[in-house]
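**Q** Below: sequence and its predicted model.
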Amino acid sequence: MSDLETEIARRRTFAIISHPDAGKTTLTEKLLLYGGAIQLAGSVTAKKNRRQATSDWMELEKQRGISITSTVLQFEYDGCVLNLLDTPGHQDFSEDTYRTLVAADSAVMLIDNARGVEPQTIKLFAVCRQRGIPIFTFINKMDRPGLDPLDLMANLEEVLGIRSAPVFWPIGDGDQFQGVYDRQSSQLHLYDRVQHGANKAPVRIVDLSDPTLDEIIGSGPAQKLRDDIELLDVAGEPLDPERIAKGEITPLFFGSAVTNFGVERFLKRFIDLAPTPTSRPAQGGEIEPSEPEFRGFVFKIQANMDPNHRDRVAFLRVVSGRFERDMVALNPRSKKSVRLTRPQKLFASDRETVDVAYPGDIIGLTNPGVFQLGDTVCTGAPVQFRGFPRFAPEHFGVLRNRKSEKYKQFQKGIEQLSEEGVVQLFHEINAGRTEPILGVVGQLQFEVIQFRLISEYGVETSLDRLPYGHARWIQGPEDALREVYWGMGTRRVEDSFGNFVCLFESQWGMNHIIENNPKLRFLSTALDL
Ligand code: G4P
């Protein structure tokens, strides 16, 4: 194996998706604990400290006490390099979360054992499904009473339409939670409770066939475990690696992040089952990670993460080849060559300079104004990655500039924020460049925009909200488009790339038009349009 192939084989790049409060921050912290990235995982109750240790970059984020931006964390475990794309849990920032999933090769879906699948999980799951990436399900909070594990499996199937293949099976829940049974090794992993889960959990391993099992875990739980396992062996979904790789079934794990129960075992199994960095579609064919030329794409632009620097960082996912500091690469969109100086790896608020990076890694590039969302960066013959999505906004409004002398700054601010993907701009068709309609996926994003326009561009604005709640990119034959009866509560506009979009006030109205126009395609995600 070449050096490049060895490094590729070592890497796993993934994101955790969940509804707020399912325990994503806690699980992230515990993964880092096992990865040796932090010595002592702070108790989740120490929220203030924890926040500082993660992604408290923007002033607004501090004021709001929620995580707006995504963090990329890299840690090693068992000889593997794990790139964890941390995504904001708050539902108002879901577009950023969606885009981050484009850089991931697999996802861990975290579910609260008492709540089952929740709304935000459904949306994020849909994006993973669309990409066909493997999804690993971790049922969390087993130290609290929850739904029966078989009911949780049924819930996944009913709500998300995915069958699960249990890798772990829980032994009790709440006060009675004793650990998990690993079906692959036929062993029980029993845990001692650790104060606040601050240290790695000590584990006791017992075989299912151990004659003293009834004494160890009690005869009731032992019998229930044997019955459940028998049922799963007969009626359950086999753990088929090919179907997992295609995202057709989800391997199922149980544990408790706050007490560390099951976290390390999960990490080991995840490394075994999760894909190494995958190929990506480009114009002219797939780009394989083992190709020698360095290539990557920008999936996120983050402004002013550090108020002392006032810069913009473009986050690039390496797709192929070996990245080296100071290398000269091409941006095929602008046809400009760029020296990639000061590349950064980000951990918490610390920035560490990266000398080399491999497929699956994420690096932060600070070249001001050079990169836009979706840009390819490459050496050798120019290529262009495809499939970078934009998601249909759900909130719309027009921003008014309060002081006419600030018009230029206002325009520049809006344009730059749209290049960063903070907002999407729509214009009236054939009306010239009038005031754009702004579209965002989460409405708090409007506050972010207004806040940033003041703090970075000195522009005060007021927002007029528009009544639309849905948008679709529409494609199809001209004559079919002409025949559409649009009716009330719709507005036809074009996006910044000149694509036709319709805004709808009500879901009902939108569905009605979709049903009546079968020759047209109504897209909630714009891919390479
Ligand atoms: P999030 O990032 O997904 O929003 O969730 P976060 O980790 O902040 O966890 C949300 C709440 O759930 C926290 O409690 C946390 O302690 C709790 N939690 C996470 N994992 C587990 C678990 O495995 N078992 C139990 N019992 N609780 C868990 P909180 O009350 O909101 O905060 P705090 O008072 O504990 O700080």
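**A** That came through fine.
**Q** tally of neighbours for residue 464?
**A** 10 (other C-beta atoms under 10 Å). For every residue, glycine as well, the C-beta is placed using N, CA and C.
**Q** Then residue 215?
**A** As a burial measure, residue 215 scores 10 neighbours (other C-beta under 10 Å).
**Q** what does residue 483 give?
**A** By other C-beta under 10 Å, 12 other residues sit near residue 483.
**Q** Give me the phi and psi angles of it.
**A** Dihedral pair for residue 483: phi -80, psi -10, per degrees, to the nearest 10.
**Q** Read off the pLDDT value for residue 73.
**A** As predicted, residue 73 sits at a pLDDT of 81.
**Q** tell me the contacts of the residue of the stretch 51-200 of the chain found nearest the ligand?
**A** For the stretch 51-200 of the chain, the residue closest to the ligand is residue 141, as judged by C-beta to the nearest ligand atom, at 3.8 Å. For residue 141, the contacting residues are 22-23, 112-114, 256-258, by C-beta atoms under 8 Å, 6 or more residues apart in numbering.
**Q** Just to be sure, which of those residues are found in strands?
**A** Among the contacts of residue 141, DSSP state E puts residue 112 in strands.
**Q** Just give me the closest of the contacts of residue 141 to residue 373.
**A** Residue 373 lies nearest to residue 22 out of these, by C-beta to C-beta, at 28.0 Å.
**Q** got the contact list for the closest one?
**A** 89, 110-112, 115, 118, 121, 140-141.
**Q** and the ligand, which of the contacts of residue 141 reach it?
**A** 22-23, 256-258 (C-beta under 6 Å from any ligand atom).
**Q** Now list the buried members of these.
**A** In terms of neighbour count (16 or more other C-beta atoms under 10 Å), the buried residues within those are 22-23, 256-258.
**Q** So what's the residue count around residue 229?
**A** 17.
**Q** Over to the one 3 residues further on?
**A** Here the neighbour count serves as a burial measure; for residue 232 (other C-beta under 10 Å) it reads 20.
**Q** ok, now residue 450?
**A** 17.
**Q** Please give me every residue in contact with the closest residue to it other than its chain neighbours.
**A** In this structure, residue 450 finds its nearest non-sequential neighbour in residue 461, 5.5 Å apart by C-beta to C-beta, 6 or more residues apart in numbering. Applying C-beta under 8 Å, 6+ apart, we find residue 461 in contact with 399-402, 410, 450, 453-454.
**Q** rerun that using 7 Å as the cut-off
**A** 399-402, 450, 453 (C-beta atoms under 7 Å, 6 or more residues apart in numbering).
**Q** Now intersect these with the helices, please.
**A** Cross-referencing these against helices under DSSP state H gives 450, 453.
**Q** In a markdown table: the contacts of residue 141, plus pLDDT.
**A** Formatted as a markdown table, the contacts of residue 141 follow (pLDDT from 0 to 100):
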| residue | pLDDT |
| --- | --- |
| 22 | 93 |
| 23 | 92 |
| 112 | 98 |
| 113 | 97 |
| 114 | 97 |
| 256 | 95 |
| 257 | 94 |
| 258 | 90 |
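**Q** of the contacts of residue 141, closest to residue 163?
**A** Distances from residue 163 to these, taken by C-beta to C-beta, are shortest for residue 113, at 18.7 Å.
**Q** Number of residues surrounding the nearest residue to residue 30 once chain neighbours are set aside?
**A** Nearest residue to residue 30, sequence neighbours excluded (C-beta to C-beta, 6+ apart): residue 263, at 4.6 Å. Residue 263 has 26 neighbouring residues, counting by other C-beta under 10 Å.
**Q** For the ligand, see how far away residue 263 is.
**A** To the ligand, residue 263 is 9 Å away according to C-beta to the nearest ligand atom, to the nearest Å.
**Q** From what I see, that residue and residue 255 are in contact.
**A** Yes. The pair residue 263 and residue 255 qualifies as a contact (C-beta atoms under 7 Å) at a distance of 5.9 Å.
**Q** now the contacts of residue 461 as a markdown table including distance to the ligand?
**A** Shown next, in a markdown table, are the contacts of residue 461 (distance: C-beta to the nearest ligand atom, whole Å):
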| residue | distance to the ligand |
| --- | --- |
| 399 | 30 |
| 400 | 35 |
| 401 | 36 |
| 402 | 36 |
| 450 | 25 |
| 453 | 29 |
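**Q** Just give me the least confident of the contacts of residue 461.
**A** residue 402 (87).
**Q** Run through the residues that contact that one.
**A** Residue 402 makes contacts with 460-462, as judged by C-beta under 7 Å, 6+ apart.
**Q** With residue 80 instead?
**A** Residues near residue 80 by C-beta under 7 Å, 6+ apart: 10, 12, 271.
**Q** The residues you listed also near the ligand: which ones?
**A** Answer for the contacts of residue 80 near the ligand: none qualify (C-beta under 6 Å from any ligand atom).
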